[in-house]
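K.L.:
Give me the fold of what follows.
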Amino acid sequence: MLAHPITPDVVAQILVLIVLLVISALVSGSEVAFFTLRPQEINSLKESPSGSNKIVIELMHRPKRLLATILVLNNLVNIGAVILSAFITAQLFDFSQHPTLGFIIQVVVVTFILVLVGEVIPKIYATKNHMGLARFMAIPLLISDKIFAPISWSLVKTSNFIDKRFTNKGYDVTMDELTHAIDITSDTTTPPDEKKILKGIVNLGEIDVKQIMKPRMDVFAIDISTPFDALIKAILDNGHSRIPIIDGSFDKVSGLLYIKDLMKYLEKGPEFKWQQLIRQPFYVPEIKPINDLLHEFQERKMHMAIVVDEYGGSSGIVTLEDVLEEIVGEINDEFDDDDIIYSKLDNQNFVFEGKSLLNDICRVMEIDRRVFESIDGEIDTVAGLLLELFGRIPEKNDSVQFKNFTFTIESADRRRIKRVKITAEKTAAEQEEEDEENRKNNGPGLLTILLPLLFAVLFSSCESDYSPKPRGFFRIAVPHKTYKVHETPDCPFRFEIPGYAIVERDEDPGAEPCWINVKFPQFNAEINMSYKSVNQNVNGFIEDSRSMAYRHTVKAEAINESLIHLQEHKVHGVVYQLEGNTASAIQFFATDSTRNFLRGSLYFNVAPQRDSLDPIIKYLTIDIYRLINTLEWK
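P.N.:
Below you'll find the predicted structure:
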């Protein structure tokens with residue numbers, strides 16, 4: 001269908017067309033390269049003395065004029081490429097008999113090539129290599145800026161005139177839309193923490209002070225009449241840097257005491273009037289959005305505020321750290337308490353204290369903060385939520401369903417809910433999404449691919465003699481189990497231990513007389529055991545033991561609890577078996593509920609690595625259960 005043979009002129013025109021396409025690609029890519037430079041990248045360009053870096057900074061000082069120059073140059077090159085391509089095709093082909101084919105080649109194909117080569121490919125490249133492309137195009141764009149200065153100037157002035165004459169109609173964007181926008185605009189290289197911070201900033205305006213404050217019952221405060229020596233002792237015991245000072249009750253907050261103000265008076269005696277160092281308190285209402293609170297903290301240069309309710313009473317305190325944690329996540333310093341207010345049993349099951357804020361629960365479980373709003377907007381804690389759902393103070397083991405969550409009461413008394421287990425059931429959409437992800441991960445039938453290969457290997461080996469190889473195995477050498485009764489003098493208990501174990505008293509200065517260590521030298525392990533006299537505080541000891549076991553949930557994959565009821569020996573308790581690379585694999589307690597309480601924890605004197613320790617843990621678990629089952633109180 002060639003109308004004319006390919007002449008040197010046509011070849012020259014094709015080469016010019018290729019040059020125009022390359023220029024179009026570079027100019028189009030430079031638009032993305034310049035306008036995706038991050039502030040830290042621009043700062044690094046300013047610090048470098050390179051000539052191209054200085055030109056990049058100079059061009060970025062006038063972004064509207066730079067954009068106008070890029071658009072003018074890009075359109076001129078594209079128009080030239082389209083005209084030249086039509087001229088070339090008219091010389092090479094005769095479409096008089098096939099006008100439709102001529103339209104497809106001259107319009108569709110040329111447009112496709114121009115968009116692909118001149119727009120799509122360079123912009124994808126520029127997204128990943130914007131710094132290098134910006135430096136490379138700095139000088140060409142500076143020259144183009146000088147050449148097209150009159151046109152660029154007129155375009156900028158026209159756009160400014162339009163901006164001033166026409167009001168910009170705003171578009172109401174919901175928080176869900178902004179969160180979704182963050183998800184879809186973040187690629188695989190975006191760190192999860194960065195996305196989490198962006199979502200935290202988006203949600204700041206929807207969170208009130210009441211949702212993040214520390215309630216008054218948990219606030220450490222000091223009475224204004226406290227002597228100076230008692231004040232110093234209380235400060236050392238609690239480790240806070242700012243403390244509310246109250247006059248009789250928390251409803252009368254006299255001010256805030258900054259510990260740094262006390263530093264130069266530490267040598268003073270008990271008569272020192274430390275009250276003169278108190279600073280004026282900063283009050284905020286419960287309903288104040290925390291984004292406004294953050295601005296006030298910045299303006300006042302303060303880090304703590306007293307939260308008041310609608311009646312003027314003090315509800316609690318809120319700090320700058322509480323606000324920042326809503327953006328960047330949990331912030332812990334060397335003075336923070338290590339107590340874990342929640343336990344993650346697995347991805348669907350969590351245990352929270354009753355006083356835990358719903359806002360914190362949503363953050364820990366990674367669920368929408370508005371999931372509980374349909375109950376009552378005044379509810380802030382999981383205990384308040386359950387009181388609303390039950391309509392009464394529930395008892396232990398009571399459960400209630402709300403949406404796709406099941407709440408089970410684990411501990412409660414006549415006045416309050418202490419601990420609750422939350423089970424998040426997967427919705428139909430989530431289950432379908434997980435099944436689809438599993439199908440993608442499993443691939444197109446691994447068995448279908450390997451089965452022919454397996455048959456080929458089997459049939460090809462039928463002709464040769466098969467000589468079976470001896471089976472190999474790995475065995476951990478462990479001693480034979482024989483047990484003996486151990487009885488510590490002056491201690492009201494006895495139990496059986498294996499023959500390869502030895503018992504030593506705890507040599508720690510703070511240890512009590514009946515604190516002992518059952519050591520297994522062969523395995524570099526030991527059971528640290530502590531004995532307490534109950535003195536009508538058995539419930540407190542049980543709560544402490546459970547809390548100490550659940551401190552390891554940061555690294556635990558699961559915690560299995562086994563109840564102990566040996567009525568004949570009056571031994572009752574719980575064994576906690578922790579899965580994962582935890583410091584302690586097994587913990588337990590046993591008590592007769594009236595006089596004696598014994599607690600134990602298995603520790604290895606090596607870094608935890610369950611892949612290697614698991615066989616030994618299983619072996620020692622038998623010894624621990626033997627110890628408990630043979631435990632007798634004297």
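
K.L.:
so how far is L257 from G510?
P.N.:
Look at G510 and L257: by C-beta to C-beta, to the nearest Å, they are 31 Å apart. From N, CA and C alone the C-beta is placed, and that goes for glycine too.

K.L.:
more crowded one of those two?
P.N.:
Taking other C-beta atoms under 10 Å, G510 and L257 do not tie; L257 has more neighbours (24 against 6).

K.L.:
Provide the partner residues of that one in its beta bridges.
P.N.:
Taking DSSP bridges, one obtains I243 as the residues bridged to L257.

K.L.:
Let me see the contact set for it.
P.N.:
Listed by C-beta atoms under 8 Å, 6 or more residues apart in numbering, the contact partners of L257 are 222, 242-245, 274, 277-279.

K.L.:
rerun at 6 Å
P.N.:
Counting by C-beta atoms under 6 Å, 6 or more residues apart in numbering, L257 touches 243, 245, 278.

K.L.:
Same check on L293?
P.N.:
Residues in contact with L293, defined by C-beta under 6 Å, 6+ apart, are V209.

K.L.:
Where does it fall, secondary structure wise?
P.N.:
Secondary structure assignment for L293, by DSSP states H and E: helix 290-300.

K.L.:
So which bits of that helix are buried?
P.N.:
Of all the residues in helix 290-300, those buried under the rule 16 or more other C-beta atoms under 10 Å are 290, 293-294, 297.

K.L.:
The helix or strand hosting A68: how far from the chain's middle?
P.N.:
Take DSSP H and E as the rule and A68 turns out to sit in helix 63-92. How far helix 63-92 lies from its chain's middle: 48 Å, per C-alpha atoms, centre = their mean, to the nearest Å.

K.L.:
And for stretch 402-409?
P.N.:
Centre-to-centre, stretch 402-409 and its host chain are 23 Å apart (C-alpha atoms, centre = their mean).

K.L.:
for that stretch, which positions count as buried?
P.N.:
Buried residues in stretch 402-409, counted by 16+ other C-beta under 10 Å: 402, 405-409.

K.L.:
Please export the alpha-carbon coordinates of that stretch; CSV is fine.
P.N.:
The C-alpha coordinates for stretch 402-409 follow below in CSV (Å, rounded to 0.1, in the frame of the first residue of the first chain):
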residue,chain,number,x,y,z
PHE,A,402,-23.1,-6.1,69.4
LYS,A,403,-22.7,-5.9,65.6
ASN,A,404,-19.8,-8.4,64.9
PHE,A,405,-18.3,-8.2,68.4
THR,A,406,-18.9,-10.5,71.3
PHE,A,407,-18.2,-9.1,74.8
THR,A,408,-17.5,-11.6,77.6
ILE,A,409,-17.1,-10.5,81.2
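
K.L.:
in the stretch 501-634 of the chain, which spans are helices?
P.N.:
With DSSP state H, counting those that start in this stretch, the ranges of helices along the stretch 501-634 of the chain come out as 538-550, 610-629.

K.L.:
Out of those helices, which gets nearest to L133?
P.N.:
Of all the helices of the stretch 501-634 of the chain, helix 610-629 sits nearest to L133, with 47.2 Å by C-beta to C-beta.

K.L.:
helices or strands next to that closest one in the packing?
P.N.:
strand 493-498, strand 584-591 (3 or more C-beta pairs under 6 Å, 6 or more residues apart in numbering; DSSP states H and E).

K.L.:
Rebuild these as TSV, extending it with mean pLDDT and distance to D623.
P.N.:
Output for the helices and strands packed on helix 610-629, formatted as TSV (pLDDT from 0 to 100; distance: least, C-beta to C-beta, whole Å):
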stretch	mean pLDDT	distance to D623
strand 493-498	93	5
strand 584-591	92	10
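
K.L.:
Many thanks, have a good one.
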